[in-house]
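[1] please find the sequence and the predicted model below.
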Amino acid sequence: MCGIVGYTGKRRAGPILLDGLSRLEYRGYDSAGMAVRDGNKLAEVVKATGKLIHLADKTDQGRALEGTCGIGHTRWATHGDPSLVNAHPHVSGNCTGSASGPVESEVVGVHNGIIENYAELKEKLLRHGYTFYSDTDTEVLVKLVDYYYNKYKIGPVDAITRTMVRVRGSYALGLMFQDYPGEIFAARKDSPLIIGTEEDASYLASDVPAILKYTRDVYYIENLQVARISPGHVSFYDLNGDERSLPLTTITWDASAAEKEGYEHFMLKEIHEQPEAVQNTLNSLAAEDEIHLEEAGITQEFLAGLREVDIVACGSAWHVGMAARVLLEDLAGVPTRVELASEYRYRSIPTQDDTLVVIISQSGETADSLAALRAAKERGAATLAVVNVVGSSIAREADHVIYTKAGPEIAVATTKAYSAQLIVLYILAIALGAAKGRITSEQKAGYIRELRTIPDKIRRILEEKERLQWFSSKIVNAHDIFFIGRGLDYAMSLEGSLKMKEISYIHSEAYAAGELKHGTISLIENNTLVVGLLTQSALYEKTLSNMTECKARGAYLMGITPNGNFQVEDSVNFALYIPRTDEHFFPSLAVIPLQLLAYYTSVNRGLDVDKPRNLAKSVTVE
Ligand code: AGP
């Protein structure tokens with residue numbers, strides 16, 4: 001997820017673009033850049049890696065750039081490492097992509113989104129004599145616009161609509177054309193984009209905070225529309241190039257609320273971004289009914305030769321491993337170990353040349369996980385990183401890397417990255433099972449089709465979040481909460497317990513349901529809350545009986561179970577139903593009520609949900 005901005009009017013564009021980007025840094029912050037035009041002169045492009053402050057320093061807070069029309073970008077890398085060459089804006093001309101200054105280019109652009117078929121489009125453009133300086137899908141997009149602009153010579157709107165018909169994926173696009181000084185062209189599909197106006201200026205932005213300081217009057221450009229933006233005037237076009245009119249909306253939010261798109265906390269916003277994170281991650285790994293791991297360098301032969309998988313991680317990422325183990329053993333028949341990174345590195349594990357060690361990490365910088373990766377490589381194992389930050393240390397040092405497409409995760413308590421990690425591990429288990437001949441191509445296609453239903457099923461759970469908000473108000477003074485389950489439900493209870501502990505500060509334990517009676521059940525007192533995960537048909541009755549054993553000792557029972565298991569209400573005090581799916585994939589659905597329960601409990605306790613005490617988003621110390 002990146003941030004784009006644009007301005008055209010009577011004032012110097014540089015400082016306005018920088019100010020806008022600073023209010024979008026939560027959308028991505030590994031590099032940034034802007035392109036500013038002074039009348040008919042060539043656009044001047046300046047880029048910088050790292051935080052936005054470096055771009056501000058490089059341009060004297062934007063004042064060094066002449067010109068009153070420009071576009072800007074703050075990057076969250078999805079294709080290509082966070083480098084100067086890969087930073088936006090991207091240009092249609094032949095250049096190195098890293099130098100700053102005026103560029104000989106017809107088209108200059110910034111983009112937020114993911115172009116899924118960029119590789120085939122790049123091949124097409126190479127055949128037509130284009131050369132490329134970066135690894136990004138955005139450069140391909142900008143050069144494709146240039147290709148159609150020069151081929152048909154009808155104008156920017158025509159070139160952009162032809163490009164939109166040709167590309168697959170998501171985009172919020174800001175473009176400037178050399179022949180159209182003072183104007184910005186924009187297009188949108190599935191990525192957020194708004195256009196603001198005031199009397200003698202117009203603004204383009206990924207999100208409201210970037211322009212709220214200048215105007216509250218905005219157009220919400222619709223999907224598959226193009227906008228032509230000049231100072232104080234905007235016109236809209238559909239895919240056929242026919243002009244369309246849009247209503248002007250007045251924003252009522254304040255700046256802080258707008259950064260969270262109206263949500264009270266980043267965590268709640270990110271909980272609601274999970275359908276998109278799951279969708280984008282799945283789309284990056286599976287097209288139609290086929291799985292594509294080639295980009296990670298993982299071939300069928302490589303998978304077929306594996307004899308063991310070791311999953312190594314910390315915290316919630318480790319919980320993903322605990323769930324993945326069930327699928328890897330069930331679907332692929334491959335022995336799987338799940339190890340805490342902080343322990344794994346001290347183990348004297350023998351050389352493992354047909355073992356795949358999977359390091360799961362949202363940040364890609366967790367010190368324990370990085371150390372475990374290095375230990376695995378020393379032992380001769382093949383290593384795969386599943387990370388959310390492109391170019392992070394773990395991504396760079398692993399033999400193979402699969403990126404989750406969750407976008408920047410701001411809240412310390414992970415939600416959307418966790419859900420995206422689950423998808424990657426599901427896909428790995430399915431691909432491994434197919435490579436081993438344990439599942440047929442029809443079964444593989446069936447699993448992929450079922451995974452495509454997960455985003456909407458998450459949305460359905462989120463639509464009923466008020467029930468959890470109500471229930472959390474009843475447990476606000478709890479001292480001990482137990483989460484229990486068997487098999488995949490045990491893996492889920494681990495995540496439910498950690499979420500509750502880390503943001504509500506209520507002590508909690510996750511327990512294998514069958515293990516309670518071996519001691520811990522002595523802790524159950526009157527009104528102790530026991531949350532039972534009841535999604536696995538072969539196991540949930542046993543868990544239910546463990547729950548009633550707790551109830552007999554005074555416990556208050558909450559059960560999370562698929563729609564239709566209404567008999568659960570004969571035993572529990574509060575039943576929360578989730579949509580049905582293939583039982584392997586219930587973790588993606590059961591985790592949503594667990595996240596919401598923890599979130600609302602923390603809010604009810606008046607705590608800092610996004611920045612809980614004692615915690616950091618990335619634990620880069622051992
Ligand atoms: C999750 O809510 C926690 N904030 C924490 O356990 C986290 O999962 C753990 O520190 C691992 O971080 P990583 O995924 O960035 O490696």
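    Nice, I can see it.
[2] now do stretch 386-401: distance from first to last residue.
    Length of stretch 386-401, first residue to last, C-alpha to C-alpha, to the nearest Å: 6 Å.
[3] ignore the last one, stretch 346-365
    First-to-last residue span, stretch 346-365, C-alpha to C-alpha: 19 Å.
[4] so the residue nearest the centre of the chain, which of the three states?
    The chain has A406 as the residue nearest its centroid, 0.7 Å off, counting by C-alpha atoms, centre = their mean. Of the three states, A406 takes coil under DSSP: H, G, I helix; E, B strand; the rest coil.
[5] before we move on, what about the one 4 residues further on?
    Going by three-state DSSP, the secondary structure assigned to I410 is coil.
[6] how much space separates it from E261?
    12 Å (C-beta to C-beta, to the nearest Å). Placement of C-beta: from N, CA and C, glycine included.
[7] swap in V619?
    Counting by C-beta to C-beta, the gap from V619 to E261 is 28 Å.
[8] related to what we said a few turns ago, return the backbone torsion pair for the residue nearest to the centre of the chain.
    Dihedral angles of A406 (phi, psi; degrees, to the nearest 10) stand at phi -90, psi -10.
[9] OK, contacts around the residue of the stretch 301-450 of the chain found nearest the ligand?
    For the stretch 301-450 of the chain, the residue closest to the ligand is G315, as judged by C-beta to the nearest ligand atom, at 1.9 Å. Residues in contact with G315 (C-beta atoms under 8 Å, 6 or more residues apart in numbering) are T414, L498.
[10] try I71
    So I71 contacts 4-6, 17, 34-35, 89, 108-110, 174-176, 184, 204 (C-beta under 8 Å, 6+ apart).
[11] what strand or helix carries T215?
    Assigned by DSSP states H and E, T215 falls within no helix or strand.
[12] so how far is T366 from it?
    Look at T215 and T366: by C-beta to C-beta, they are 42 Å apart.
[13] the more surrounded of the two?
    T366 (29 against 16; other C-beta atoms under 10 Å).
[14] how close does that one sit to K269?
    To K269, T366 is 23 Å away according to C-beta to C-beta.
[15] low-confidence ranges in the stretch 201-350 of the chain?
    For the stretch 201-350 of the chain, the stretches with pLDDT under 70 are 253, 255-258.
[16] what residues does it have near the ligand?
    Within reach of the ligand by C-beta under 6 Å from any ligand atom, the stretch 201-350 of the chain has these residues: C314, G315, S316, A317.
[17] neighbours around the residue nearest to I454 when sequence neighbours are not counted, how many?
    Of all residues not flanking I454 in the chain, S588 sits nearest, at 5.1 Å (C-beta to C-beta, 6 or more residues apart in numbering). The number of residues packed near S588 is 25, by other C-beta under 10 Å.
[18] over to N604?
    Using other C-beta under 10 Å, N604 is surrounded by 16 other residues.
[19] which parts of this protein sit against the ligand?
    So the chain meets the ligand at 314-317, 361-363, 366, 369, 412-414, 502, 618-619 (C-beta under 6 Å from any ligand atom).
[20] and these, which are buried?
    314-317, 361-363, 366, 369, 412-414, 502, 619 (16 or more other C-beta atoms under 10 Å).
[21] closest to P335 out of those?
    A317 (20.5 Å; C-beta to C-beta).
[22] helix, strand or coil for that closest one?
    Going by three-state DSSP: A317 is helix.
[23] likewise Y203?
    Under three-state DSSP, Y203 comes out as strand.
[24] check A420 too.
    helix.
[25] for F177, give me its contacts.
    E106, V107, Y149, P156, E183, F185.
[26] just the residues you listed: which are in strands?
    Those of these mapping onto strands are V107, F185, per DSSP state E.
[27] most neighbours, which of the contacts of F177?
    V107 (28 neighbours).
[28] contacting residues for that residue?
    Here V107 is in contact with V91, S92, V142, K143, V145, D146, Y149, L175, M176, F177, Q178 (C-beta under 8 Å, 6+ apart).
[29] in the sheet, who's paired with it?
    F177 (DSSP bridges).
[30] any idea of the mean pLDDT in stretch 55-74?
    Mean per-residue pLDDT for stretch 55-74: 95.
[31] ugh, wrong one, stretch 414-422
    98.
[32] for it, which residues meet the burial criterion?
    For stretch 414-422, a neighbour-count test (16+ other C-beta under 10 Å) marks T414, T415, K416, A417, Y418, S419, A420, Q421, L422 as buried.
[33] would you agree the fifth one is in contact with L498?
    The one in question is Y418. No. Counting by C-beta atoms under 8 Å, Y418 does not reach L498; the two are 10.0 Å apart.
[34] overlap of the contact sets of these two?
    In contact with both Y418 and L498: S316, H319, using C-beta under 8 Å, 6+ apart.
[35] quick one: the strands in the stretch 101-250 of the chain, in order.
    Taking DSSP state E, counting those that start in this stretch, the strands of the stretch 101-250 of the chain run over residues 101-102, 107-112, 171-177, 184-189, 194-198, 201-205, 217-219, 225-230, 233-237, 243-244, 249-250.
[36] ranking these by burial, who's on top?
    strand 107-112 (a mean of 30; mean count of other C-beta atoms under 10 Å).
[37] off-centre distance for it?
    Strand 107-112 sits 21 Å away from the centroid of its parent chain (C-alpha atoms, centre = their mean, to the nearest Å).
[38] output that strand as CSV, nothing but the C-alphas.
    Below are the C-alpha coordinates for strand 107-112, written out as CSV (Å, rounded to 0.1, in the frame of the first residue of the first chain):
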residue,chain,number,x,y,z
VAL,A,107,4.8,10.5,-19.4
VAL,A,108,5.7,10.6,-15.7
GLY,A,109,3.7,8.7,-13.1
VAL,A,110,3.1,7.5,-9.6
HIS,A,111,1.1,4.4,-8.7
ASN,A,112,-0.5,2.7,-5.7
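[39] that concludes my questions; thank you for your assistance.
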